[in-house]
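Visitor: what's the 3D shape of this:
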Amino acid sequence: MPSTVTLPSSKKVEYTYIPELENAVNSMKADGIVQTFNYNKQTGQLLNAREASSKLEKIWSKAEQLKEEAFSHNAQNRKAKHTYTLKGAPVAYTDVTGKQTQYSMGYAWPRHQYYR
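Guide: Got it, this is the predicted structure:
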């Protein structure tokens, strides 16, 4: 895993990794901006990410499905939610504006409906 990547612009991005989590990215640094990432040590699922005044938190179910994502930036908070059937199939996704996408499973592929 590279510890430093030089972009075509000659800017450098520095990385640190977590070997115990198959080298998941622990932090990134570029232009003085640092992003950090925290994971569940058993499942490897991303729990949260931070950068200055911004934060992302992910809440997972016991079945290891993403239930909720909470975003905060400059004290503004928003949430997105995921809903599943008891068998684990996706039913709906509600975005940070409250708009919902519903999923219905067909024989060939999932059909998506978007509601405002």
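Visitor: gap between the closest residue in space to His73 that isn't next to it in sequence and Lys41?
Guide: Using CB to CB, 6 or more residues apart in numbering and skipping residues adjacent in sequence, the residue nearest His73 is Ser54, 4.5 Å away. Just so you know, the C-beta spots here come from the backbone N, C-alpha and C atoms, and that holds for glycine as well. Applying CB to CB, to the nearest Å, the value for Ser54 to Lys41 is 24 Å.
Visitor: Walking through this protein, point out its strands one by one.
Guide: 4-6, 12-18, 24-30, 33-39, 46-51, 54-60, 66-73, 76-84, 90-94, 100-105, 110-115 (DSSP state E).
Visitor: Could I get these in TSV, plus columns for mean neighbour count and mean pLDDT?
Guide: Output for those, formatted as TSV (neighbours: other CB atoms under 10 Å; pLDDT from 0 to 100):
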stretch	mean neighbour count	mean pLDDT
strand 4-6	10	96
strand 12-18	14	97
strand 24-30	16	97
strand 33-39	15	97
strand 46-51	16	97
strand 54-60	16	97
strand 66-73	15	96
strand 76-84	14	96
strand 90-94	16	94
strand 100-105	14	89
strand 110-115	10	53
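Visitor: Val96 is in contact with Phe71, correct?
Guide: Yes. Applying CB atoms under 8 Å, one finds Phe71 in contact with Val96, separated by 6.3 Å.
Visitor: Tell me the residues that contact both of those two, please.
Guide: 78-80 (CB atoms under 8 Å, 6 or more residues apart in numbering).
Visitor: In TSV, list those along with distance to Leu46.
Guide: TSV is the format used below for the shared contacts of Phe71 and Val96 (distance: CB to CB, whole Å):
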residue	distance to Leu46
Arg78	18
Lys79	16
Ala80	14
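Visitor: tell me which of the residues you listed is nearest to Tyr15?
Guide: Tyr15 lies nearest to Ala80 out of the shared contacts of Phe71 and Val96, by CB to CB, at 26.9 Å.
Visitor: partner residues bridging the closest one?
Guide: Note on Ala80: beta-bridge partners by DSSP bridges are Glu69.
Visitor: For it, list the residues it contacts.
Guide: Contacts of Ala80 (CB under 8 Å, 6+ apart): 68-69, 71, 93-96.
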